[in-house]
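*Asks:* Sequence first, predicted model second:
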Amino acid sequence: MAGIVAVPFVWKRAPETVSVLRRNLATILVQKGDLVVPVSASGIFVEKAKKLLASPSSGTVEEILVAPGALVKKGDVVFRLSNSRLDEQAQAARVAVEKASLDLKEAVLSGRIDAMAQSSRQKELERELAIESRERDALRPLMERGIISKLDMARADAKVAGLRSQIAEQADRATLADDLGASRIAIKEEALKQAKDNLAMAQDKVDELKVRSSVDGPVQDVFVELGQSVAPGEKLALVSSSNDLIAELKIPQNKAASIAHGDAATLYVLGRAVHGTVVRIDPKVRDDSVQVDVAPGEPLPFGVRAAQSLTGDIEGAPTSEALYVERSDGIVPFKESDLYLLSGNELHRHRVQFGALAGKYVEIRSGARPGDRFAVGLDHSLDDKATLVVAD
């Protein structure tokens, strides 16, 4: 009797089909065209300006009030120098001002006394004229009656006329005295002004011995020691301007052609975004990189100093024939993402390499063609499915 061989039956379960309703399906379209793709960069802040503090005159370093690395404000005294010759000149100028002031007071007082004397003489002559005029007028009836001679009357008239002439001459003398007094006072006032100007210049030179910072920022270096003699113009210290920082960014050489002066840029520092403008592009290439300087267009966050590291995006010229999609959840710039590509009534899992963020769009570097549509906003429970069906 022939043997019977039992053949086991294996039942294979059909793959489970997962459907997505078309009305619930949201997609993004792959587009092709000009796209302004920011050029990412990194770098540091540097001082746009540095101020060299120099000795205003010869002198001796009496006091050094800062050390390298210290922060100073504009107007802060950094050094105190001494110069006995300048001190003596300032003292002599003060004495000259005091003397000129006394000379002016004396000229003013002398002018008043002279004016009073001239006025007193004028009034005295006017009184004499009044008396002689009355006496002359009293003699006229007597002459007409023959009591006095015409000669006596003529003498009285001559005396009145003489007094009037003296009064006129006295008025001229008083005017001349006033003019001379005013001239003397003006000369003394000018002498006092010049003495004060000389004192101001001498005092300025003394005050300059207190060497002050002309900017806000850190002291980078101090070049002198306590007690050292310095010559006019000798450098004392170097101070950087922390209020005028500029960002030095490095970009790849192959991206430099798309960057131009005046391009907008965004700087990221201390958790904040600061808008700026490209102000310089280094024509030299170093280590396959090009340096681009960006000037902040708004105040920097508090605490930013020179050598502070930062990153940035520079909006260069539009990238011709770029592929891009609108940004959506699950799409991260410069990352790869698995998306579902819509093909007829099916969604196929597909890997896409994204590039830079450009406004509301994200650049596509690989994994897509113009006109492709990718599903977005799908439930994360579907992420492990290779294919989905779109149902009406």
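*Replies:* That came in fine, so what should we check first? Numbers count the residues shown, from 1 in each chain.
*Asks:* so which strand or helix has residue 196?
*Replies:* For residue 196, the host element (DSSP states H and E) is helix 150-207.
*Asks:* Moving C-terminal from that helix, which element do we reach first?
*Replies:* strand 210-212.
*Asks:* And the helix or strand following that next one, what's buried?
*Replies:* Using DSSP H and E, the helix or strand that follows strand 210-212 in sequence is strand 217-222. By neighbour count on 16 or more other CB atoms under 10 Å, the buried set for strand 217-222 is 217, 218, 219, 222. Backbone N, C-alpha and C define where each C-beta goes, glycine included.
*Asks:* Does anything pack onto the strand of greatest length in the chain? Which helices or strands?
*Replies:* Using DSSP state E, we find that the single longest strand of the chain is strand 272-286. Under the contact criterion of 3 or more CB pairs under 8 Å, 6 or more residues apart in numbering; DSSP states H and E, strand 272-286 touches strand 264-269, strand 289-296.
*Asks:* want to throw those strands into CSV with mean neighbour count?
*Replies:* Shown next, in CSV, are the helices and strands packed on strand 272-286 (neighbours: other CB atoms under 10 Å):
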stretch, mean neighbour count
strand 264-269, 20
strand 289-296, 21
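*Asks:* Show me the shaky parts of this structure.
*Replies:* Scanning the chain for pLDDT under 70 picks out 1-16, 242-243, 317, 319-320.
*Asks:* Mind naming the longest helix for it?
*Replies:* The residue-count maximum for a helix in the chain (DSSP state H) belongs to helix 84-144.
*Asks:* just the angle between that helix and helix 150-207, please?
*Replies:* Here helix 84-144 runs at an angle of 170 degrees relative to helix 150-207 (axes from the mean of the first three to the mean of the last three CA atoms, to 10 degrees).
*Asks:* what separates helix 84-144 from the chain centre, distance-wise?
*Replies:* In terms of CA atoms, centre = their mean, to the nearest Å, the centre of helix 84-144 is set 58 Å apart from its chain centre.
*Asks:* And for stretch 346-358?
*Replies:* For stretch 346-358 - counting by CA atoms, centre = their mean - the centre lies 47 Å from the chain centre.
*Asks:* what sits up against that stretch?
*Replies:* With CB atoms under 8 Å, 6 or more residues apart in numbering as the test, stretch 346-358 has contacts from 20, 35-40, 313, 324, 327, 331-341, 362-368, 374-375, 385-390.
*Asks:* Nearest spatial neighbour of residue 148, chain-adjacent residues omitted?
*Replies:* In space, residue 148 comes closest to residue 142 once its chain neighbours are excluded; the distance is 4.8 Å by CB to CB, 6 or more residues apart in numbering.
*Asks:* number of nearby residues for that neighbour?
*Replies:* 13 (other CB atoms under 10 Å).
*Asks:* any idea how far residue 151 is from it?
*Replies:* Distance of residue 142 to residue 151, given as CB to CB, to the nearest Å: 13 Å.
*Asks:* Equivalent analysis for residue 24, please.
*Replies:* Applying CB to CB, the value for residue 24 to residue 151 is 145 Å.
*Asks:* Contact partners for the residue nearest to residue 119 when sequence neighbours are not counted?
*Replies:* Excluding its sequence neighbours, the residue lying closest to residue 119 (CB to CB, 6+ apart) is residue 174, at 6.8 Å. Residue 174 makes contact with 115, 118, 119, 122, according to CB under 8 Å, 6+ apart.
*Asks:* I'd like to know which of those are buried.
*Replies:* Here, 16+ other CB under 10 Å leaves 118, 122 buried among the contacts of residue 174.
*Asks:* can I assume residue 222 is in contact with residue 228?
*Replies:* No. Taking contacts as CB atoms under 8 Å, residue 222 lies outside contact range of residue 228: 10.9 Å.
*Asks:* Tell me the strands beside whichever strand or helix holds residue 323, with direction?
*Replies:* For residue 323, the host element (DSSP H and E) is strand 319-326. Strand 319-326 pairs in its sheet with strand 31-35 (antiparallel), strand 361-366 (antiparallel), by DSSP bridges.
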